[in-house]
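Trainee: curious how this folds, go ahead:
(one chain, ligands or ions: 1)
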Amino acid sequence: MTATGIKHIQVTCAIIERDGLVLAAQRSAIMAMPYKWELPGGKIDPGESAEQCLRREIFEELGIRIVIDGRLPAVTHDYPTFRITLHPFMACIETGEIVLHEHAAMIWLPPEKLPTLDWAEADLPVIRTYLAQCGVAMR
Ligand SMILES: Nc1nc2c([nH]c(=O)n2[C@H]2C[C@H](O)[C@@H](COP(=O)(O)OP(=O)(O)OP(=O)(O)O)O2)c(=O)[nH]1
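Mentor: Predicted coordinates:
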């Protein structure tokens, strides 16, 4: 909870790169923020590290094991009904073929195409920071 009583959640997410492309996942009709695009991941459980959370969530959602090989600065965003701190990590696939267990769709995109998606608002600064690292400007 924040001082104003609004819920504050801690969420991990992964920028998974493969062959110069980045994986984006689309939230389903029955999830909060339906059809918004996000970086796969989810809420940190009590007693879990951010890295443990991310590996667990990615396996639950996509059925793959990842190797985490970096992290980007965390960002905090206020949605109308809750506050989120998003903890982004760089990752690649260690084993497995992706099977969507929760998302409506996924897409592999070159970094410069990421801004064309309708992202969850909290993700925009993460995408911007990632693109800056790739040398791509984002409006
Ligand atoms: N996984 C993920 N969640 C994100 C991103 N950006 C963003 O605003 N979120 C929000 C959406 C959800 O409100 C929350 C993550 O919750 P979650 O994926 O673990 O669980 P959920 O949607 O099933 O939520 P719930 O049923 O527990 O309410 O963070 C992102 O890039 N990745």
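
Trainee: now the residue in the chain positioned nearest to the ligand: phi and psi?
Mentor: Taking CB to the nearest ligand atom, the ligand has its nearest neighbour within the chain at Gly42, 2.9 Å off. Where you see a C-beta, it was placed from the backbone N, CA and C, and this is true even at glycine. Main-chain dihedrals, Gly42, degrees, to the nearest 10: phi 170, psi -170.

Trainee: how about the residue most central in space within the chain, nearest residue that isn't a chain neighbour?
Mentor: By CA atoms, centre = their mean, the mean C-alpha position of the chain lies nearest to Leu39, the distance being 2.4 Å. If the residues on either side of it in the chain are set aside, Leu39 comes closest to Cys13, at 3.7 Å by CB to CB, 6 or more residues apart in numbering.

Trainee: cool, and Leu23?
Mentor: Using CB to CB, 6+ apart, the closest residue to Leu23 is Ile16 (4.3 Å).

Trainee: please state the offset of the host helix or strand of that neighbour from the chain centre?
Mentor: Counting by DSSP states H and E, the element that carries Ile16 is strand 7-18. With CA atoms, centre = their mean, to the nearest Å as the basis, strand 7-18 stands 4 Å off its chain's centre.

Trainee: can you check stretch 58-75 too?
Mentor: Taking mean C-alpha positions (CA atoms, centre = their mean), stretch 58-75 and its chain are 8 Å apart.

Trainee: list the buried residues for it?
Mentor: Neighbour-count burial for stretch 58-75, with 16 or more other CB atoms under 10 Å as criterion, is recorded at 58, 61-62, 64, 66, 68, 71-72, 75.
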